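**Student:** fold the following for me, if possible:
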Amino acid sequence: MEMKEQDYMSQRVDDQINWLEGKSAFNQQRYKFSKSIVIVASVSIPFMAGFIEDGDQATVMKFAIAFAGFIIALAEGLSSLHKFHENWIQYRGTAESLKREKIIFLTQSGIYRDNPNAFRDFVVAIEGILANENAKWQEITANEVVIEK
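**Tutor:** Numbering: from 1, shown residues only. Next up is the predicted model:
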């Protein structure tokens, strides 16, 4: 069954661009939130250390410093586990590659100019970009530690 240009553009290309942009934005927000927590907790430690005095208040300040260290480790660990930064960059890069190819095709520029097989070449290029994205995703997930029960 042959797919029409307009259907392929909306059902495959635009759909993938929207999905990738959404995932990129999600991961960017999580990455920046995690790094903001780390920054705030990190700068609070030396600040709080300056207020440690003998007595009951010292115990509270020591607990607060320890808790800030815990928050830093937790935020960094979760960011690393979920690969927010890597996913943000990867999804953004793939979305931009798809948009670039779409613009070149729609303007009939580059390899698509005066090309009787322009649409078929476009599909091959798009599917190549998506296959590369899938291969990168598989590589990232293959490197994750699997915990068996």
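
**Student:** check which helix or strand the residue most central in space within the chain maps to.
**Tutor:** What sits nearest the mean C-alpha location of the chain, by C-alpha atoms, centre = their mean, is residue 88, with 1.8 Å. Taking DSSP states H and E as the criterion, the element that holds residue 88 is helix 84-106.

**Student:** and that helix, what's buried?
**Tutor:** 84-85, 87-88, 90-92, 94-95, 97-98, 101-102, 104-105 (16 or more other C-beta atoms under 10 Å). (C-beta placed from N, C-alpha, C; glycine too.)

**Student:** and for stretch 72-87?
**Tutor:** Buried residues in stretch 72-87, defined by neighbour count with 16+ other C-beta under 10 Å: 72, 75, 79, 83, 84, 85, 87.

**Student:** for that stretch, list the C-alpha coordinates in CSV.
**Tutor:** Coordinates of the C-alpha atoms in stretch 72-87 are reproduced here as CSV (Å, rounded to 0.1, in the frame of the first residue of the first chain):
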residue,chain,number,x,y,z
ILE,A,72,22.6,16.6,46.4
ALA,A,73,23.3,12.9,46.1
LEU,A,74,19.7,12.1,45.5
ALA,A,75,19.2,14.7,42.8
GLU,A,76,22.4,13.7,41.0
GLY,A,77,21.6,10.0,41.3
LEU,A,78,18.1,10.4,39.8
SER,A,79,19.4,12.7,37.1
SER,A,80,22.0,10.2,36.2
LEU,A,81,19.6,7.2,36.3
HIS,A,82,17.0,8.8,34.1
LYS,A,83,19.6,10.4,31.8
PHE,A,84,17.8,13.7,31.6
HIS,A,85,20.6,15.6,30.0
GLU,A,86,21.5,13.0,27.5
ASN,A,87,17.9,12.4,26.5
